[in-house]
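Novice: please work out how this folds:
(one chain, ligands or ions: 2)
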Amino acid sequence: MINIEQIKQKALEEHIPIIMDDTLEVIEKILLEEKPKRILELGTATGYSAICFSNILDNEVYIDTIELDENRANVAIENIKKLGLKQHINVIKGNAVEVLPTLNEKYDLFFIDAAKGKYPIFLKESLRLSHKGSIILADNILYKGYVMSDYNKHKQRTAVNHLREYIKMVTENENLETEILEVGDGLAVSKVLI
Ligand code: SAH
Ligand code: MG
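Specialist: Ligands and ions are numbered 1, 2, ... in the order given. Here you go, the predicted model:
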């Protein structure tokens with residue numbers, strides 16, 4: 001038998017950037033308040049965050065989650081199966097940039113947690129799949145402090161520029177109400193107003 005703590009420890013040992021504890025606490029509050037029925041996650045890794053979300057919602061949820069790395073996706077599928085959550089969490093193998101345009105159902109909540117350089121594209125697609133009241137969460141939005149600093153010469157600057165663009169897009173979009181939280185590695189919380 002496997003439990004969520006083992007999945008977490010294994011991911012940490014393998015240096016997989018799973019959701020941070022304080023970020024999860026904030027998301028837990030949002031989940032309990034909003035009670036989303038359908039969630040779309042971008043970046044499954046080994047399933048840790050998706051399993052946490054399902055548990056928080058007493059499994060009264062259906063989560064689609066997209067993962068590019070074939071091995072990680074397979075581990076996630078195994079973990080989900082072992083925990084008896086197959087009816088609640090659906091792992092889609094592939095590049096979210098390609099998978100997203102093939103989706104057409106609406107989601108109540110989005111958790112963007114994959115390639116940082118693709119956040120603006122992920123936002124556009126999430127908006128297309130959203131409805132009034134949907135919540136769009138973007139993890140790692142402050143990226144170790146780089147996003148809000150002037151220092152612009154490090155090797156992650158392309159990713160940082162895309163994260164800055166994401167923040168600009170969500171704050172300037174009049175149809176969204178957005179908060180940028182300094183929790184964990186930074187979490188953007190946007191609510192779709194219309
Ligand atoms: N949400 C997970 C952690 C995800 S780590 C958790 O908190 O437990 C980010 C994951 O995104 C990695 O596993 C990486 O392989 C995946 N990824 C990166 N680019 C992607 C893309 N374009 N489409 C889908 N997944 C991607
Ligand atoms: Mg993350």
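Novice: below-threshold pLDDT in the chain: ranges please.
Specialist: In the predicted model, the chain carries pLDDT under 70 at residues 152-153.
Novice: all helices for it, in order.
Specialist: 4-13, 21-34, 48-56, 70-82, 96-99, 119-128, 157-172 (DSSP state H).
Novice: quickly check: stretch 129-146 near ligand 2 or not.
Specialist: Yes - applying C-beta under 5 Å from the ion, one finds stretch 129-146 in contact with ligand 2 at 139-140. The way it works is simple: take the backbone N, C-alpha and C, and place the C-beta from them, glycine included.
Novice: report the buried residues of that stretch.
Specialist: By neighbour count on 16 or more other C-beta atoms under 10 Å, the buried set for stretch 129-146 is 129-130, 134-143, 146.
Novice: buried set for stretch 110-125?
Specialist: Buried, per 16+ other C-beta under 10 Å, within stretch 110-125: 110-116, 118-123, 125.
Novice: so which of these also contact ligand 2?
Specialist: Of the residues in those, proximity to ligand 2 by C-beta under 5 Å from the ion holds for Asp113.
Novice: list the contacts of the residue sitting nearest the centre point of the chain.
Specialist: The centroid of the chain falls nearest to Phe111 when counting by C-alpha atoms, centre = their mean (2.6 Å). By C-beta atoms under 8 Å, 6 or more residues apart in numbering, the contact list for Phe111 reads 27, 39-42, 49, 53, 137, 139.
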